[in-house]
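Colleague: Predicted structure and sequence below. I'll ask about it afterward.
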Amino acid sequence: MALSLKNKKVQLWARRLHIYVSMALLLVVLFFAISGITLNRPNLYTSDTPQVEQQTLIIPDHFFSMKNSRLTVNKVGLLDYLYHKANLSGTPSSMQVFSDIEQGEMLEGEVSLDYKGPGFNSTVFINLVTKEAEIESTHYGVVAVLNDLHKGRNSGQVWAWFIDISGFLMVFFALTGVCLLVPKKKSFSLGLKWMTFGSVVTLLIYLFAVP
């Protein structure tokens with residue numbers, strides 16, 4: 001294995017890939033490094049005051065239909081309406097519907113759901129009698145957005161795949177770096193010593209310093 005890694009073509013491709021992958025990941029690594037600090041030290045970043053926005057919206061009747069004292073909600077159409085009219089974004093939760101109907105008349109009822117995204121959430125309550133929607137949106141600031149993106153929280157499947165691919169490329173970047181060190185005996189030997197030192201320190205911290 002060591003001989004194959006010393007092959008000139010292998011070294012050439014390892015060097016090229018190491019350089020270009022590292023440049024492609026430069027801002028990504030900086031992002032995860034900085035957001036890792038903000039996640040680890042939340043008490044240092046409490047200056048962002050959550051901004052709360054409230055709005056009221058009248059929902060058209062055609063999204064609701066009643067037959068045989070049973071209520072039907074056009075959920076897809078309602079979500080689309082809220083998205084465009086209330087400027088809601090993020091991932092909507094499942095829609096909860098409560099209704100009390102007597103002799104074909106709505107006595108009381110409510111539709112509730114929430115939207116979640118990086119650094120914000122919105123709650124929606126729709127009064128089925130008045131068809132009035134009360135919407136409250138809370139934005140927690142830039143640091144909260146960074147933290148949620150770091151964790152992949154409420155960020156969607158595309159961002160989840162981005163994190164997976166970035167992690168794979170970081171592993172590839174590290175392995176090509178090792179490949180480049182193999183032919184250089186002194187540097188490789190010193191690198192192994194530093195790797196061992198770092199691994200031992202990490203293990204000791206975990207064993208004796210972590211509660």
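Modeller: That came through, no problem. Please read these numbers as outputs of a predicted model, since none were measured by experiment.
Colleague: next one: phi and psi at the spatially most central residue of the chain?
Modeller: Centroid-nearest residue in the chain: residue 152, 2.5 Å away (criterion: C-alpha atoms, centre = their mean). Main-chain dihedrals, residue 152, degrees, to the nearest 10: phi 70, psi 30.
Colleague: Would you enumerate the residues in contact with it?
Modeller: For residue 152, the contact set (C-beta atoms under 8 Å, 6 or more residues apart in numbering) comprises 159, 160, 163. Just so you know, the C-beta spots here come from the backbone N, C-alpha and C atoms, and that holds for glycine as well.
Colleague: How much space separates it from residue 102?
Modeller: 46 Å (C-beta to C-beta, to the nearest Å).
Colleague: Residue 61 too?
Modeller: For residue 61 relative to residue 102 (C-beta to C-beta), the value is 19 Å.
Colleague: cool, and residue 190?
Modeller: 82 Å.
Colleague: higher neighbour count, these two?
Modeller: Shown here are residue 190 and residue 102; by other C-beta atoms under 10 Å, residue 190 has more neighbours (12 against 8).
Colleague: contacting residues around the strand or helix carrying the more buried one?
Modeller: Residue 190 is part of helix 185-208, with elements assigned from DSSP states H and E. Helix 185-208 is contacted from outside by 178, 181, 182, using C-beta under 8 Å, 6+ apart.
Colleague: Surely residue 53 is within a strand?
Modeller: Yes. Counting by DSSP: H, G, I helix; E, B strand; the rest coil, residue 53 is located in a strand.
Colleague: What degree of burial does it show, as a neighbour count?
Modeller: Residues within reach of residue 53, counting by other C-beta under 10 Å, total 12.
Colleague: burial measure for residue 113, as a count.
Modeller: 20.
Colleague: And this structure, split by domain according to the record?
Modeller: 2-45+144-208, 51-140 (automatic domain parsing).
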